[in-house]
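> Sequence plus the predicted model coming up.
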Amino acid sequence: MQKKSTLRIPEELTAAQRKWMDYQFGARLTLGINTFYDVESSNGSLDPSIITLDKLNVAEWVNTVIDAGMRYCVFTAKNHDGFCNWNTQHGFYNIMNTPFNRDILNILAEECSKNGLKLGLYYSLLDSYTSYYKDDERFAELIFLQINELLNNYGEVVELWFDGFWEKQSSGWNLSPTDFILAWRNEGAFRLKMDYLYRNIKHWQPECIVLNDATNDFVGVPLHPVDARSGVNVSYVVVDEKFWEWQGRESYLPLEITMNLSGKDSGKFNPGNWYWHENDESCPEQERIYRWLELAGRHEANLVLNCSISPEGTLRDVDKQLLETLWH
């Protein structure tokens, strides 16, 4: 793996950002209610009574990504469907109300801690299950309460990767990145109370790096307040602006590139599926992973590879084989 240069990184970079950038290479571990229905997305109506995870092997997940040289993982805490993969006290639609009836996030957090793998979490700001989703005040409070649980009950969380803001923002989509950010601040950030949430995240876990994906329409554009920027399924970066105006000064915001190991066109999120699918055995060759790592190195970015978890609770076979042989 190419070691990233630090020559252009300014003194203003925070200690938390510097530590996070040193992780360099990670895995996105995608598991949710969609996994058990062989679908890529759902609307909060799927019945969780089929979730059993009969052959759950979290140790396999952790050992495989560590052997591949990855230093952190980003696990799906909650996706757009509203299903929660932890023992939340704020919402019925969660892993405890299934036949599996165990806190899978806690299992993963303990395994990561035991083996020295850093834990990050993916959390969607869109929730098609919660009945009061359109009530901004109540829904922002739900987000606050759930993030409180995630950051205070599961040990160190090195990254929070937010997604799904778009239903809270109607304007700005055909504007410049600067104007899009302003639209976000006036709509999405305001309605979701992101400034208040960010301050509390930093109170609960000061070194947790916050990202908020701006969709493929605005790759690498920060939705303030954040500590880093995201780029999803980008095989090249045309413009990678590191410095962004925020709170009256320029802030350095590093990039995290997330690539999907599935190459199959899902018809919804192109390219590749995020979730496990029975008929999807697509996977890149090792050489492509090396090119992605080189790309990340050139841009002083972290690289994260999405790995799908099967309904039985194991890594997708082709992902496991790729990661096991990546450096052999």
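Great, that's in hand.
> tell me the contacts of the closest residue in space to residue 57 that isn't next to it in sequence?
Counting by CB to CB, 6 or more residues apart in numbering, the nearest residue to residue 57 once its immediate chain neighbours are dropped is residue 314, at 5.2 Å. Where you see a C-beta, it was placed from the backbone N, CA and C, and this is true even at glycine. Residues counted as contacts of residue 314 (CB atoms under 8 Å, 6 or more residues apart in numbering) are 55, 56, 57, 60, 320.
> Can you flag the buried ones in those?
A residue is treated as buried here by neighbour count (16 or more other CB atoms under 10 Å); on that basis the buried members of the contacts of residue 314 are 56, 57, 320.
> Next up, identify which helix or strand residue 258 is on.
When secondary structure is defined by DSSP states H and E, residue 258 falls within strand 255-260.
> how far is that strand from where the chain is centred?
For strand 255-260, the distance from its own C-alpha centre to the chain's C-alpha centre is 10 Å (CA atoms, centre = their mean, to the nearest Å).
> pLDDT of it, averaged?
Averaged across strand 255-260, pLDDT comes to 95.
> and the angle for the next helix or strand after it with strand 255-260?
Downstream of strand 255-260, the first helix or strand assigned by DSSP H and E is helix 286-298. Our comparison of helix 286-298 with strand 255-260, counting by axes from the mean of the first three to the mean of the last three CA atoms, to 10 degrees, yields an angle of 170 degrees.
> I'd like to know how far the residue nearest to residue 57 sits from residue 320.
Between residue 314 and residue 320 the distance is 8 Å, computed by CB to CB, to the nearest Å.
> Find the residues that touch each one of the two.
With contacts taken as CB under 8 Å, 6+ apart, the residues that reach both residue 314 and residue 320 are residue 60.
> Make sure residue 121 is indeed in a strand.
Yes - applying DSSP: H, G, I helix; E, B strand; the rest coil, one finds residue 121 inside a strand.
> Tell me, how many residues neighbour it?
Residue crowding around residue 121 was assessed by other CB atoms under 10 Å; the count is 26.
> State the distance from it to residue 301.
Counting by CB to CB, the gap between residue 121 and residue 301 amounts to 20 Å.
> Return the subset of the contacts of residue 314 lying in helices.
The members of the contacts of residue 314 that map onto helices under DSSP state H are 60, 320.
> ok, of the contacts of residue 314, which one's closest to residue 96?
Within the set of the contacts of residue 314, residue 56 lies nearest residue 96; the separation is 14.7 Å, counting by CB to CB.
> Surely that closest one and residue 313 touch.
Yes - in this structure residue 56 lies within contact range of residue 313 using CB atoms under 8 Å: 3.2 Å.
> Stretch 188-208: which residues count as buried?
For stretch 188-208, the buried set under the neighbour-count rule, 16+ other CB under 10 Å, comprises 188, 189, 191, 192, 193, 194, 197, 198, 201, 205, 207, 208.
> Surely residue 21 and residue 300 touch.
Yes - applying CB under 8 Å as the test, residue 21 and residue 300 come out as touching, 7.1 Å apart.
> on that earlier part again, can you put the buried residues of stretch 188-208 in CSV and add distance to residue 246, secondary structure and pLDDT?
Formatted as CSV, these follow (distance: CB to CB, whole Å; DSSP: H, G, I helix; E, B strand; the rest coil; pLDDT from 0 to 100):
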residue, distance to residue 246, secondary structure, pLDDT
188, 16, helix, 97
189, 12, helix, 98
191, 19, helix, 98
192, 17, helix, 98
193, 18, coil, 98
194, 13, helix, 98
197, 16, helix, 98
198, 11, helix, 98
201, 16, helix, 98
205, 20, coil, 98
207, 19, coil, 98
208, 18, coil, 98
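> which two in those are spaced the farthest apart?
When the buried residues of stretch 188-208 are compared pair by pair using CB to CB, the maximum separation belongs to 191 and 207, at 27.6 Å.
> What is the neighbour count of residue 155?
Using other CB under 10 Å, residue 155 is surrounded by 13 other residues.
> Over to the one 10 residues further on?
Residues near residue 165, counting by other CB under 10 Å, number 22.
> C-terminal to the longest helix along the chain, what's the next element?
Taking DSSP H as the criterion, the chain has its longest helix at helix 136-153. Of the helices and strands lying after helix 136-153 in sequence (DSSP H and E), the nearest is strand 159-163.
> packing partners for that next one?
Contacting strand 159-163 under the criterion 3 or more CB pairs under 8 Å, 6 or more residues apart in numbering; DSSP states H and E are the following elements: strand 72-78, strand 118-124, helix 136-153, strand 209-212.
> Report the rounded mean pLDDT for the second one.
In this model, strand 118-124 carries a mean pLDDT of 98.
> how about that strand: buried residues?
118, 119, 120, 121, 122, 123, 124.
> Let me have those in CSV, extended by distance to residue 279.
Output for these, formatted as CSV (distance: CB to CB, whole Å):
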residue, distance to residue 279
118, 33
119, 31
120, 29
121, 29
122, 24
123, 29
124, 25
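> pLDDT below threshold where in the stretch 1-150 of the chain?
Scanning the stretch 1-150 of the chain for pLDDT under 70 picks out the ranges 1-11.
> what do you get if the cut-off is 90, keeping everything else the same?
Within the stretch 1-150 of the chain, the stretches falling below the threshold (pLDDT under 90) are 1-13.
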